[in-house]
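A.B. asks: the following block contains a protein sequence and its predicted model.
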Amino acid sequence: MTPALAAGSIEVLTPSWPVPPRVRAAMTLRAGGVSSPPYDTLNLGIHVGDDPAAVAANRLRVRESLRLPSDPAWLEQVHGTDVANLDDPSRVNLDDPSSATVDDLSSANVHHPSRANLHDPSSASPTPHASGTHSALVAPMRRADAAVTHCAGPVCAIQVADCMPVLFAARDGSAVAAAHAGWRGLAGGVLERTIAALACAPNDLVAWLGPAISQPNFEVGDEVREAFIAHHPAAATAFVRNARDRWQCDLYALARQRLTAAGIRHISGGEYCTYADQNRFFSYRRDGRCGRMAALVWLAPS
């Protein structure tokens, strides 16, 4: 099981995976920040309606607590499959508020009996940036759902609150990546595109599945199941029909199938449920308005 370790003033999960010391990674939890309810307390998402000053303070706290070499490369995540190359500063898309979407498994295909309307328009627009806030809030954002680097310095970052973050590392410490794997990105091939961007032999890579919503709490419609089965018939084993004639979806199993098919042999993680553990994790499915956690991976100098 991945341990929870204190990192300065915050608590994080650290992957247990066979990587060299220069590969650093952490998953933030919901405690240890300054945000007020319903974003209490270590919310790292600027787009969810939280006070920008609180988000700036939280992001700075994460950078200082983890001794990050730079501000994390926060992405504008759109449930797609694009991969940002953090080694190429020219590949930057300026933040376009008109394209912002509610993240973390928002879809008419997703349903939980306790929530009739899962789409929360109030969280769809980015909060205006306050003047003087930390640079992490006002820096241009790449529009992508994964990031990769082969250099020391850049920090790959994925924000989640039910979707699955997947971290990658080369066994020799030459590259790392992070991917945002909600059901749309997972079905669309975000993991496969991230593996390709790493430019390493798949059997030389390891992957870690970060906290996500678990099968007992993730109900979906036929469209979601069919999107996976069309690509890989064996994906049917990751869906269980429930009493409402819908499906309980196992994101962890689907990710393992995809990673194994791509040639990755060492896959760890996948033991948590963001929906079930309210003390440690934000969950959009559970709460609607809530903060965002971040899965981070970077390379220290050789």
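C.D. replies: On my side now, so go ahead. Just so you know, these numbers come straight off a predicted model, no measurement behind them.
A.B. asks: hmm, residue 219 and residue 244 touching each other?
C.D. replies: Yes. With contact defined as C-beta atoms under 8 Å, residue 244 reaches residue 219; the gap is 7.4 Å. C-beta: built from backbone N, CA, C; applies to glycine.
A.B. asks: neighbour count: the two, which is higher?
C.D. replies: residue 219 (20 against 9; other C-beta atoms under 10 Å).
A.B. asks: so that one bridges to which residues?
C.D. replies: Beta-bridge pairing for residue 219 (DSSP bridges): residue 111, residue 248.
A.B. asks: pLDDT wise, what is it at?
C.D. replies: At residue 219, the predicted lDDT confidence score is 98.
A.B. asks: kindly provide the distance from it to residue 297.
C.D. replies: Plainly put, residue 219 is 30 Å away from residue 297 if you go by C-beta to C-beta, to the nearest Å.
A.B. asks: likewise residue 268?
C.D. replies: For residue 268, the distance to residue 297 - C-beta to C-beta - is 13 Å.
A.B. asks: comparing those two, which residue is more hemmed in?
C.D. replies: Neighbours per residue, other C-beta under 10 Å: of residue 268 and residue 297, the larger number sits with residue 297, 27 against 15.
A.B. asks: pretty sure the more buried one sits against residue 19.
C.D. replies: No. If you go by C-beta under 8 Å, residue 297 and residue 19 don't touch, sitting 9.5 Å apart.
A.B. asks: now do the shared contacts for these two.
C.D. replies: Applying C-beta atoms under 8 Å, 6 or more residues apart in numbering, one finds that residue 297 and residue 19 are jointly contacted by residue 169.
A.B. asks: lowest-pLDDT helix or strand in this structure?
C.D. replies: strand 110-111 (a mean of 42; mean pLDDT, DSSP states H and E).
A.B. asks: quick one, phi/psi of residue 27?
C.D. replies: In terms of degrees, to the nearest 10, the main-chain angles of residue 27 are phi -120, psi 120.
A.B. asks: please renumber the chain so that the first residue is 438 from this point on.
C.D. replies: Yes, from this point I'll number from 438; that puts the last item at residue 464.
A.B. asks: residue closest to the middle of the chain?
C.D. replies: residue 602 (3.4 Å; C-alpha atoms, centre = their mean).
A.B. asks: for the closest residue to that one other than its chain neighbours, helix, strand, or coil?
C.D. replies: What sits nearest to residue 602 in space, not counting adjacent residues and going by C-beta to C-beta, 6 or more residues apart in numbering, is residue 732, at 3.4 Å. Here residue 732 is strand, with the state taken from DSSP: H, G, I helix; E, B strand; the rest coil.
A.B. asks: number of residues surrounding residue 732?
C.D. replies: Residues lying near residue 732 (other C-beta under 10 Å) number 29.
A.B. asks: surely it and residue 644 touch.
C.D. replies: No. Checked against C-beta under 8 Å, the pair residue 732 and residue 644 is beyond contact range at 11.8 Å.
A.B. asks: quick one, strands of the stretch 588-737 of the chain?
C.D. replies: Along the stretch 588-737 of the chain, the segments classed as strands by DSSP state E, counting those that start in this stretch run 592-597, 601-607, 613-618, 642-646, 656-657, 676-678, 684-686, 703-706, 730-736.
A.B. asks: the stretch 438-587 of the chain now?
C.D. replies: 441-444, 447-450, 460-465, 512-513, 520-522, 547-548, 579-580, 583-586.
A.B. asks: what do residue 732 and residue 644 both touch?
C.D. replies: Shared contacts of residue 732 and residue 644, counting by C-beta under 8 Å, 6+ apart, come down to residue 604.
A.B. asks: could you pull out the helices for the stretch 538-687 of the chain?
C.D. replies: With DSSP state H, counting those that start in this stretch, the ranges of helices along the stretch 538-687 of the chain come out as 572-575, 620-625, 627-635, 659-666.
A.B. asks: which stretch in the ones you listed has the least confidence?
C.D. replies: When these are compared by mean pLDDT, helix 572-575 comes last with a mean of 56.
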